[in-house]
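**Student:** sharing a model that was predicted from the sequence below.
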Amino acid sequence: MEIRPLEALRAADDLSLAFNPYGLGGRMEPEGAAEFQQRQIADCDLAEGVAAGTRDSFERLRTVFAYGVLCYDVYTMVGDQALLIYEQALRDRFMEWCASTITFRLPQAPDVSYTVTSYDDVKKRTDRMTRQRAKLVVATHAIDFNGMLHGLRLWARAAGLLRGRRSRAVEDALAKLRNYVAHPSGHHVDTPVGAARTVRDLAELINQLWGQATPNGRLYPASLRREIVVLSWNGSGRARMEPAGALTAPDLMEDQEADEYQHVVVRAIPFVPGSRWDDAHWAEFDTRYETTRFPTDYLWGPGTREDARAWLEQERPEGDRVDFTDRVFLVQDHGRLLPPMRPAVAAGLPDDERVGVWHAVRADFPDDAFAHVRGSGDRSAGHARRPGDCSACSAEVLGFGSYDEALRAAAAALGPIQAVQLPSVRLPSSIFWPDRP
């Protein structure tokens, strides 16, 4: 091994300098590179209440990450260590959740409880109980639990600490990467971009375990703000979205043009081009089917612009916040596959429209539910047909069969469903839903 002088150890690594705010290219100055790289994870703060051991391990990652400017290999070490902290966070959170007592359900025997003071106690007790085919009791359910990463992930989901269907796929990937790091079979090199992404994902997961969603998060985003907006369209298919406040301002349209348009008032995510959370499918709004990306609630219409203005001034509806993850959809297959529907809307259908095969699916987005049901007809695609998480996509099967069977499956997940009946309103659609009636 070459012994390098202190001056050489202080010198910036040329590989690290190649990463700049615009990607790869011209090398940055060492001072600028040091600040730039630290800013990539500077806002990854952990929630109050996170276990001290997990917090200390995570903060050590953020401290060491800054030294990647001096030694490019630090990024690989940080990325690898972040994957190992994944399991540490789950263990620490499990100990807080169990409050020193774990309960197992034995086949044909009463539940048994044990006192544990450390996760080593949990693992030893779990190993013994697994040999007796016992399952860990989580709330009213009993799950397979081996005390290792796989069992901890099952527990966190069963306990409701982790959420989202698409984030489950990322959790699967993180678990595989963690196993690769813990049991390596070769050499690998990470980049500053990859290491920062892993640290950010870890911060989101830790915060979610301790009950805090991440504003603008990639895995466990916080709820989104919905505003009162007006959707308008004319006979030629032109459509527009505008804030409700625009109707109380002087009307800039000519009277003849205003008369051509129909208007509905909805509560929706405002469309902001380029935003991570814009809803590019707002112009496909349909009161029966879930054709927009994020939840859009019908409030009034259709009617003229003047009527919409009068309704808004009288009712003065307000915006709200909505969580779009883990939504439940019903998908009807009656000769052709129809777009997903809210259970409350399906509950209000007349008897003659309840025919066909119905699927109850939990997903983050309606197109995820639709794609799963469409793919489940092809056995070679690997989509789950029985209740449970689908291994081929980001959906969970709740049930399928007749209308009543699917609605019962949805009610089991949501609780009592109150039927709603809405007027038929459909904005101009695109080919996004090829099987749309």
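**Tutor:** All right, it came through fine.
**Student:** where do the helices sit along the stretch 201-350 of the chain?
**Tutor:** According to DSSP state H, counting those that start in this stretch, the stretch 201-350 of the chain carries its helices in the segments 245-248, 255-260, 305-315, 343-347.
**Student:** show me which positions of the longest one end up buried.
**Tutor:** This means helix 305-315. Buried residues in helix 305-315, counted by 16 or more other Cβ atoms under 10 Å: 305, 308-309, 311-312. C-betas here are computed from N, CA, C, even on glycine.
**Student:** please name every helix or strand in contact with it.
**Tutor:** Applying 3 or more Cβ pairs under 8 Å, 6 or more residues apart in numbering; DSSP states H and E, we find helix 305-315 packed against strand 224-233, helix 245-248, strand 262-268, strand 297-303.
**Student:** ok, now with 6 Å
**Tutor:** strand 262-268 (3 or more Cβ pairs under 6 Å, 6 or more residues apart in numbering; DSSP states H and E).
**Student:** which elements pack onto the strand it packs on?
**Tutor:** Identification of packing neighbours for strand 262-268 by 3+ Cβ pairs under 6 Å, 6+ apart yields strand 224-233, strand 297-303, helix 305-315.
**Student:** and the angle from the longest one to strand 297-303?
**Tutor:** Relative orientation of helix 305-315 with respect to strand 297-303: 140 degrees, computed using axes from the mean of the first three to the mean of the last three Cα atoms, to 10 degrees.
**Student:** re earlier: ok, of the buried residues of helix 305-315, which one's closest to A392?
**Tutor:** A392 lies nearest to A308 out of the buried residues of helix 305-315, by Cβ to Cβ, at 43.9 Å.
**Student:** so what's the residue count around the closest residue to that closest one other than its chain neighbours?
**Tutor:** In this structure, A308 finds its nearest non-sequential neighbour in H263, 4.4 Å apart by Cβ to Cβ, 6 or more residues apart in numbering. Neighbourhood size, H263 [other Cβ atoms under 10 Å]: 23.
**Student:** ok, H263 - contacts?
**Tutor:** Taking Cβ atoms under 6 Å, 6 or more residues apart in numbering, we find H263 in contact with 230, 232, 301, 305, 308.
**Student:** switch the cut-off to 8 Å
**Tutor:** By Cβ atoms under 8 Å, 6 or more residues apart in numbering, the residues touching H263 are 230-232, 301-305, 307-308.
**Student:** which of those residues are buried, as a PyMOL select command?
**Tutor:** The following PyMOL line selects those of the contacts of H263 that are buried, judged by 16+ other Cβ under 10 Å:
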select buried, resi 230+231+232+301+302+305+308
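**Student:** can I get the contacts of H263 in a markdown table including distance to L6 and pLDDT?
**Tutor:** Shown next, in a markdown table, are the contacts of H263 (distance: Cβ to Cβ, whole Å; pLDDT from 0 to 100):
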| residue | distance to L6 | pLDDT |
| --- | --- | --- |
| V230 | 66 | 95 |
| L231 | 66 | 94 |
| S232 | 69 | 92 |
| G301 | 72 | 91 |
| P302 | 75 | 94 |
| G303 | 77 | 93 |
| T304 | 78 | 91 |
| R305 | 74 | 90 |
| D307 | 77 | 94 |
| A308 | 72 | 94 |
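**Student:** stretch 134-147 spans what distance, first to last residue?
**Tutor:** From its first residue to its last, stretch 134-147 covers 13 Å (Cα to Cα, to the nearest Å).
**Student:** same thing with stretch 206-220?
**Tutor:** Per Cα to Cα, stretch 206-220 runs 10 Å from first to last residue.
**Student:** for stretch 39-46, output the C-alpha coordinates as PDB.
**Tutor:** What follows is stretch 39-46, C-alpha atoms only, in PDB (Å, rounded to 0.1, in the frame of the first residue of the first chain):
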ATOM      1  CA  ARG A  39     -26.600  20.000  -0.700                       C
ATOM      2  CA  GLN A  40     -27.800  16.900  -2.400                       C
ATOM      3  CA  ILE A  41     -28.700  15.400   1.000                       C
ATOM      4  CA  ALA A  42     -28.800  18.500   3.200                       C
ATOM      5  CA  ASP A  43     -32.600  18.500   3.500                       C
ATOM      6  CA  CYS A  44     -32.800  14.800   4.500                       C
ATOM      7  CA  ASP A  45     -33.600  15.600   8.100                       C
ATOM      8  CA  LEU A  46     -35.200  12.900  10.300                       C
END
